[in-house]
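Trainee: model this:
(6 chains)
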Protein chains: 4
Amino acid sequence: MAKTKQRIIAEAIRILATSGYAQFSIGEVATALGVSKGVIHYHFPEKTSLLRAIVEDFYQRAAEYMGAHMRLDTSAAEVLRSYIETNLTFVAENRTAAVATTSIILNARDREGNPIFQDTSGDIYQPLIEIFTYGQQIDGSFRKFDRQLMATILRSAIDTAAQLVLHNSAAENAALLQEIVTTFDLATRRNSDE
Amino acid sequence: MAKTKQRIIAEAIRILATSGYAQFSIGEVATALGVSKGVIHYHFPEKTSLLRAIVEDFYQRAAEYMGAHMRLDTSAAEVLRSYIETNLTFVAENRTAAVATTSIILNARDREGNPIFQDTSGDIYQPLIEIFTYGQQIDGSFRKFDRQLMATILRSAIDTAAQLVLHNSAAENAALLQEIVTTFDLATRRNSDE
Amino acid sequence: MAKTKQRIIAEAIRILATSGYAQFSIGEVATALGVSKGVIHYHFPEKTSLLRAIVEDFYQRAAEYMGAHMRLDTSAAEVLRSYIETNLTFVAENRTAAVATTSIILNARDREGNPIFQDTSGDIYQPLIEIFTYGQQIDGSFRKFDRQLMATILRSAIDTAAQLVLHNSAAENAALLQEIVTTFDLATRRNSDE
Amino acid sequence: MAKTKQRIIAEAIRILATSGYAQFSIGEVATALGVSKGVIHYHFPEKTSLLRAIVEDFYQRAAEYMGAHMRLDTSAAEVLRSYIETNLTFVAENRTAAVATTSIILNARDREGNPIFQDTSGDIYQPLIEIFTYGQQIDGSFRKFDRQLMATILRSAIDTAAQLVLHNSAAENAALLQEIVTTFDLATRRNSDE
DNA sequence: AATGAATGAGGGTTCATTCAT
DNA sequence: GATGAATGAACCCTCATTCAT
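Mentor: As a prediction, this is how the structure comes out:
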């Protein structure tokens, strides 16, 4: 059974979200699980492996969730709205993992000081860019804007909302979600009189 | 002369922006400056003092810059535009300090794991909220929206832009600035036919 | 095997007795044992833990020795004599540990400057006070005197003797022991013509 | 004026008595006096010089006090009593200095780990030994005992009493004094029927 | 799979001491 | 006499990693 591996990941996420990246240590995970440090290294030979597992686990589950819940059979504006809603819902339901993943991505560096998990490929922005392209070029939902830039701004808003979501009630989160949806709807849609 | 103190702050900012918070160490600053570790502790008895000096220095200079350059004698929508422009200009001209400050705020914790520099008062959002209030209640520039929430989203967009700005040419940054201004102009302004 | 732990304690005692509390360092213990500093911290996470182990080890062995060797089935005066003899014999046979323990108790402080190992309960004086009480109230061996005070003076004499014992020959120590026994016999016993 | 020098000594004594030898630092003295560390080093080029000044100051004042207050024109037993009384009175009136001096003597070592201020000459014991010699050989006040040993025990009792005296009321100290006097009177005097 | 022991590098901090002003 | 700046060594402690069992 690879049960231990999952327990390690879960505990590491919890500690990362609680204590922050700089304070995060293998030893703390081991202690919290009541096992020896060696166990962690058995499953994750290097600290980076564990961090990578957390990040990949989060993105994989996010992708699965998006695939399962996002509405695609409609206008670009509606798809965008669904993207934001689904995204924020997932984050709200996976708050600690989201926080942990963010802190890893922002902080993890190799020995030379270069970010390890920063997305240089722009893969995260791909779905958004596709939606924008469709809305601008095919169904005319959207006005003209720099797609890469808008994708970046939107993602940062979503990620920031993830932090807020941590301390909010369910009702507050619903309001938050609506406000963000509206904001980016207004910011992107074609002006009626154009 | 308090020259060394300023050199320490400058070097610490450079290293923080380059290597990230978790890798940042007093020793690295000392080595980079060609002085002994003791010197750093002479000027900043604890690591936290140095971090605090960086953060406060940045915010003070930001406030001065804003005070000197922001236009206030016009409509709320224009003031908002000026706020974003001035803000991003300052960040663009102080990129490393901005990145360093952000990484400190996100990562610095005390021994119990609680964030040290996170703004709990909401002071950073105050100017934006005032602009929003004016635009919503006095001159009618803005539509109805949650001011606190919009302030949070806008600030996150600005801070994210700071990261982008680091790797951009001047021309790209100008475009970036315009796009953000337009986005939040659309997102906030009262619909013409309302 | 917990062999290393015992070797650390033994070496720490030797160094403490030789170099004194203020000069005592974890690093010196590690070097003397030919191991890395980390090993010490593995077995004793904080310096205080090591100091505590030394003190407790000494007191435990002292209590065992006293329990095994002290004569109790006789007059209070004889019991007192036996107490002093047994005590000094144990100290003579554990000279370095005695010196080390004393230096820890006198010098170890917490961050606020308060002594850590100083006995505030007065437990060390309890056996002596019981002997004195018996001799004063039951079998009449002793004259009237302040029991707590006499116990304190006697203990200080014994502890001081421990220091002397370090540099003496066996013969000298035997004489020393006899002199102390006689001194406190005279100081405590009931005057014949009373 | 050498006023500063005296202020440094006084403050150092206070800190030593409060915080203990191991925690004692030049910097703390400077801070407490509101001067720079350099000042201390101007007056006492090495830390050891300051410690030496404290010890010598104490012993000199003690010698002066003893010379001024001790009764010498009587039997050895009476002189001994006077010695103890005068000694303890001085200590009671100079508690912090006594504690500071003791901690210096017990702890200060040179770089090789050898005690710096430990009295190897036995000078401290000289007055007592003279009293004992007189009482044993001239006026017959005292029984036979090892003079050096008795001097050592008596001094340790007096030094221990100094610690007690720190936390006592005046009345308690008077009782303490009487008890010690009586104890050593009984321990040393010739048995009436010998 | 898991443990316990050990390593070794590095980090923050303290502190006596030096020295130019 | 006094200050402030700087040094450099030592110290306690943390931690990722290795390895025999």
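
Trainee: the helix or strand of chain A with the lowest mean pLDDT close to chain B?
Mentor: Evaluated with mean pLDDT, DSSP states H and E, the helix-and-strand set of chain A has its lowest mean pLDDT in helix A:147-165, which scores a mean of 84. Yes: counting by CB under 8 Å from any CB of the partner chain, chain B is contacted by helix A:147-165 at A:149-150, A:152-153, A:156-157, A:159-161, A:164. Just so you know, the C-beta spots here come from the backbone N, C-alpha and C atoms, and that holds for glycine as well.

Trainee: remind me, longest helix of chain A?
Mentor: Among the elements of type helix in chain A, defined by DSSP state H, the one spanning the most residues is helix A:47-69.

Trainee: residues touching that helix, excluding its own?
Mentor: Contacting residues not belonging to helix A:47-69 are listed as A:5, A:8-9, A:12-13, A:16, A:26, A:29, A:40, A:43-44, A:83, A:86-87, A:89-90, A:94, A:97-98, A:100-101, A:104-105, A:108, A:116-117, A:127 [CB atoms under 8 Å, 6 or more residues apart in numbering or on different chains].

Trainee: if I look at the residue nearest to the spatial centre of chain A, how far off is A:Q163?
Mentor: Computing the C-alpha centroid of chain A and ranking residues by CA atoms, centre = their mean puts A:A98 first, at 5.7 Å. When distances are taken as CB to CB, to the nearest Å, A:A98 and A:Q163 turn out to be 9 Å apart.

Trainee: kindly report the same for A:R109.
Mentor: Taking CB to CB as the measure, A:R109 falls 22 Å from A:Q163.

Trainee: likewise A:T4?
Mentor: Where A:Q163 is concerned, A:T4 sits at a distance of 30 Å (CB to CB).

Trainee: and the angle from the following helix or strand past the longest helix of chain A to helix A:47-69?
Mentor: Scanning forward in sequence from helix A:47-69 by DSSP states H and E, the next helix or strand is helix A:76-93. Helix A:76-93 runs at 130 degrees relative to helix A:47-69, counting by axes from the mean of the first three to the mean of the last three CA atoms, to 10 degrees.

Trainee: quick one: helix A:76-93 to chain centroid distance?
Mentor: 12 Å (CA atoms, centre = their mean, to the nearest Å).

Trainee: so which bits of it are buried?
Mentor: In terms of neighbour count (16 or more other CB atoms under 10 Å in any protein chain shown), helix A:76-93 has its buried residues at A:76-92.

Trainee: one more: stretch A:55-71?
Mentor: Applying a neighbour-count criterion of 16+ other CB under 10 Å, one finds A:55, A:57-58, A:62, A:65 buried in stretch A:55-71.

Trainee: ok, now stretch A:101-117?
Mentor: In terms of neighbour count (16+ other CB under 10 Å), stretch A:101-117 has its buried residues at A:101-109, A:117.

Trainee: so which of those belong to helices?
Mentor: Assignment to helices by DSSP H places the following of the buried residues of stretch A:101-117 there: A:101-107.

Trainee: report the secondary structure state of the residue nearest to the centre of chain A.
Mentor: Per DSSP: H, G, I helix; E, B strand; the rest coil, the secondary structure class of A:A98 is helix.

Trainee: surely it touches A:V91?
Mentor: Yes: in this structure, A:A98 is within contact of A:V91 by CB atoms under 8 Å, at 4.8 Å.

Trainee: what is in contact with those two at once?
Mentor: Here A:A98 and A:V91 have A:A162 as joint contacts, going by CB under 8 Å, 6+ apart.

Trainee: what's the angle from the least confident helix or strand of chain A to helix B:147-165?
Mentor: For helix A:147-165 and helix B:147-165, the angle between their directions (the same axes, to 10 degrees) works out to 130 degrees.

Trainee: which strands and helices sit next to helix A:147-165?
Mentor: Using 3 or more CB pairs under 8 Å, 6 or more residues apart in numbering or on different chains; DSSP states H and E as the contact test, the elements touching helix A:147-165 are helix A:76-93, helix A:95-107, helix A:126-133, helix A:170-188, helix B:147-165, helix B:170-188.

Trainee: ok, which of the ones you listed comes nearest C:V35?
Mentor: Proximity of the helices and strands packed on helix A:147-165 to C:V35 was assessed by CB to CB; the nearest stretch is helix A:95-107, lying at 33.5 Å.

Trainee: any idea of the mean pLDDT in stretch A:13-27?
Mentor: Averaging pLDDT along stretch A:13-27 yields 94.

Trainee: what's that stretch in contact with?
Mentor: Around stretch A:13-27, the neighbours that count as contacts under CB under 8 Å, 6+ apart are A:12, A:28-29, A:32, A:37, A:40-41, A:47, A:50, A:54, A:95-97, A:99-100, A:103-104, A:106-108, B:21-22, B:107, B:109, B:113, B:115.

Trainee: run the last query once more with 6 Å
Mentor: Contacts to stretch A:13-27, defined as CB atoms under 6 Å, 6 or more residues apart in numbering or on different chains, come from residues A:28, A:37, A:40, A:54, A:96-97, A:99-100, A:103, A:107, B:21-22, B:107, B:109, B:113.

Trainee: if we look at DNA strand F, which of the residues you listed are close to it?
Mentor: Within the set of these, contact with DNA strand F (CB under 7 Å from any atom of the strand) is found for A:28, A:37.

Trainee: quick one, what contacts A:F117?
Mentor: Neighbour list for A:F117: A:55, A:104-105, A:108 [criterion: CB under 6 Å, 6+ apart].

Trainee: against A:A151, how distant is it?
Mentor: Remark: distance between A:F117 and A:A151 (CB to CB) = 19 Å.

Trainee: OK, now which residue of chain A is nearest to DNA strand E?
Mentor: Of all residues in chain A, the one sitting closest to DNA strand E is A:G38 (2.3 Å; CB to the nearest atom of the strand).

Trainee: who's in contact with that residue?
Mentor: When contacts are counted by CB under 6 Å, 6+ apart, A:G38 touches no other residue.

Trainee: that one: which element?
Mentor: Assigning secondary structure by DSSP H and E places A:G38 in helix A:37-43.

Trainee: avg pLDDT for that helix?
Mentor: For helix A:37-43, the mean pLDDT works out to 95.

Trainee: show me which residues of that helix are buried.
Mentor: Along helix A:37-43, these residues count as buried under the neighbour rule (16+ other CB under 10 Å): A:39-40, A:43.
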